[in-house]
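Undergrad: next comes the sequence, and after it the predicted model I'd like to discuss.
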Amino acid sequence: MRSGSPVLQAVGPMMRTIAEKRKINVGLAVADREEMVYLESVRYNRKPTLRNVVAGQRVPIELTSPGRAYLAAASETDRKALLLQFKSRRPTGWRLLEREIAQAIESVRRHGYCVASWQPEVVALATPIVVEGHPVYVLNMSVSTQMTPDIVGKELSAQLMELAARVRQAVAAL
């Protein structure tokens, strides 16, 4: 699938270049039911982590920056249906999780991206790539760090948004 995907052929080199240059992890994912599935994952973080994301790996929408960025771009109907599923699956702690999701959606609407840290010492930011005629892709960058999500967001947001613009152009040209 990877070698035959025009999207991955177009954006993969861009992802690898920034991952190598910045020594960060860069991924591209799409939604599949209640999870995000990585289509590509380029790992170059300096600090090793217990979690090593690979293409094909699934992560929960409600907990992750790619999932939350997807929710910001999803249709109102799809978003509401997913939120109901998450609420029934995670009744304890739902109020806090719902608030975090709402903040992430607002962040995407205001700044174009959201930040999440759902595993210890891993901070990720993500932005949706919406191009007519294509599924909603989500581009993310992550690092293993002890820095706060706010600091990581400030450090990586410009690179994420610049790469997202290039990815959006590449996908639109297909």
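TA: Done, it's in. Source: prediction; values computed, not measured.
Undergrad: for this protein, what spans make up the strands?
TA: 25-32, 35-42, 58-60, 114-119, 122-129, 137-144 (DSSP state E).
Undergrad: now residue 30: how far from residue 120?
TA: Distance, residue 30 to residue 120, by Cβ to Cβ, to the nearest Å: 26 Å. Yep, even glycine has a C-beta here, placed from its N, CA and C like the rest.
Undergrad: looking at those two, which one has more neighbours?
TA: residue 30 (18 against 10; other Cβ atoms under 10 Å).
Undergrad: one step back: the strands of the chain: which one's closest to residue 88?
TA: Closest approach to residue 88 among the strands of the chain is made by strand 58-60 (14.0 Å; Cβ to Cβ).
Undergrad: what's in contact with the closest one?
TA: Applying Cβ atoms under 8 Å, 6 or more residues apart in numbering, the contact partners of strand 58-60 are 29, 32, 34-38, 53, 66-67.
Undergrad: which pair of the residues you listed spans the longest distance?
TA: 34 and 53 (17.7 Å).
Undergrad: ok, those two, which is more surrounded?
TA: Neighbours around residue 34 and residue 53, counted as other Cβ under 10 Å, are more numerous at residue 53. The numbers are 21 against 15.
Undergrad: residue closest to the middle of the chain?
TA: Nearest residue to the geometric centre of the chain (Cα atoms, centre = their mean): residue 66, 2.4 Å.
Undergrad: that residue and residue 173, how far apart?
TA: 23 Å.
Undergrad: residue ranges in this protein under the pLDDT threshold?
TA: For the chain, residues meeting the criterion pLDDT under 70 lie at 1-4, 45-54.
Undergrad: can you give me the helices in it?
TA: Along the chain, counting by DSSP state H, helices occupy 6-22, 65-73, 76-89, 94-111, 149-172.
Undergrad: next, format these as a markdown table and append distance to residue 58.
TA: Output for the helices of the chain, formatted as a markdown table (distance: least, Cβ to Cβ, whole Å):
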| stretch | distance to residue 58 |
| --- | --- |
| helix 6-22 | 17 |
| helix 65-73 | 10 |
| helix 76-89 | 15 |
| helix 94-111 | 18 |
| helix 149-172 | 21 |
